[in-house]
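*Asks:* model this:
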Amino acid sequence: MTYRGTTILAVLKDNILAVAGDGQVTLGEQIIKAKAVKIRRLSSYPIIGGFAGHTADAFTLFERFETKLDSASGNMTRAAVELARDWRLDKALRQLQAMLLVGNSDKILVLSGQGDVLEPDEPIAAIGSGASIATAAAKALFRNTQFSAVDIVKNAMAITAEQCIYTNNQIVVEVLEK
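*Replies:* Numbering: from 1, shown residues only. Here you go, the predicted model:
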């Protein structure tokens, strides 16, 4: 069975990071859970992370990322690069089926199992089933309104929930200010 049902969206505006995640988890054609929490604050550092993919795999990656953060003295970029390298080279980690989105009040990064650490050109990133819809909606709101980062993620996720069958409107938002 294929697990689907996640959209994670991050917007950084005016030194405020807002990360939103929907709560839907599906197994095949069935909704298994409507109120899952897929975003969280990481460790003792001012970083918020979200995941898309298999839950157990994502928790493994979060644990590894937090370990890398500790060894990198909280440097998010360095920890992300080290995790991505391990993820690509380690046989066990290569099997993990998840993506991570992490951010602080300076930047947003997307980490994939192919060894990618991507920092978007604009301070907007999304992962998961509804990523393209959420990104498009957030960019339109970011460029054409005076909305705050929180208002952008809430509105963009509401639009995504209307369009993506694997995204629901049970949105959780975490906010980090500089």
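*Asks:* Show me which positions of the longest helix anywhere in the chain end up buried.
*Replies:* In the chain, with assignment by DSSP state H, the single longest helix is helix 55-71. Residues of helix 55-71 classed as buried: D57, A58, L61, F62, R64, F65, E66, K68, L69 (neighbour count, 16 or more other C-beta atoms under 10 Å). Where you see a C-beta, it was placed from the backbone N, CA and C, and this is true even at glycine.
*Asks:* Then stretch 124-139?
*Replies:* For stretch 124-139, the neighbour count (16+ other C-beta under 10 Å) marks 124-131, 133-139 as buried.
*Asks:* Looking at those residues, spot the one nearest T6.
*Replies:* When the buried residues of stretch 124-139 are ranked by distance to T6 (C-beta to C-beta), G128 comes first, at 3.8 Å.
*Asks:* for this structure, what spans make up the helices?
*Replies:* Remark: helices assigned in the chain by DSSP H are 55-71, 76-89, 91-94, 131-144, 149-163.
*Asks:* Lowest mean pLDDT across those helices, which one is that?
*Replies:* Ranked on mean pLDDT, the bottom entry among the helices of the chain is helix 91-94, at a mean of 70.
*Asks:* just to revisit the earlier point, tell me which other helices or strands the longest helix of the chain touches.
*Replies:* The helices and strands touching helix 55-71, judged by 3 or more C-beta pairs under 8 Å, 6 or more residues apart in numbering; DSSP states H and E, are strand 48-53, helix 76-89, strand 98-103.
*Asks:* Just the residues contacting it, thanks.
*Replies:* Helix 55-71 is touched from outside by 3, 25, 36, 38, 40, 42-43, 45, 47, 49, 51-52, 75-76, 78-80, 82-83, 86-87, 93, 96-98, 100, 102, 111, with contacts defined as C-beta atoms under 8 Å, 6 or more residues apart in numbering.
*Asks:* Please tabulate the helices of the chain in CSV, including the columns distance to L9.
*Replies:* Shown next, in CSV, are these (distance: least, C-beta to C-beta, whole Å):
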stretch, distance to L9
helix 55-71, 16
helix 76-89, 18
helix 91-94, 25
helix 131-144, 4
helix 149-163, 5
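*Asks:* Alright, I will stop here.
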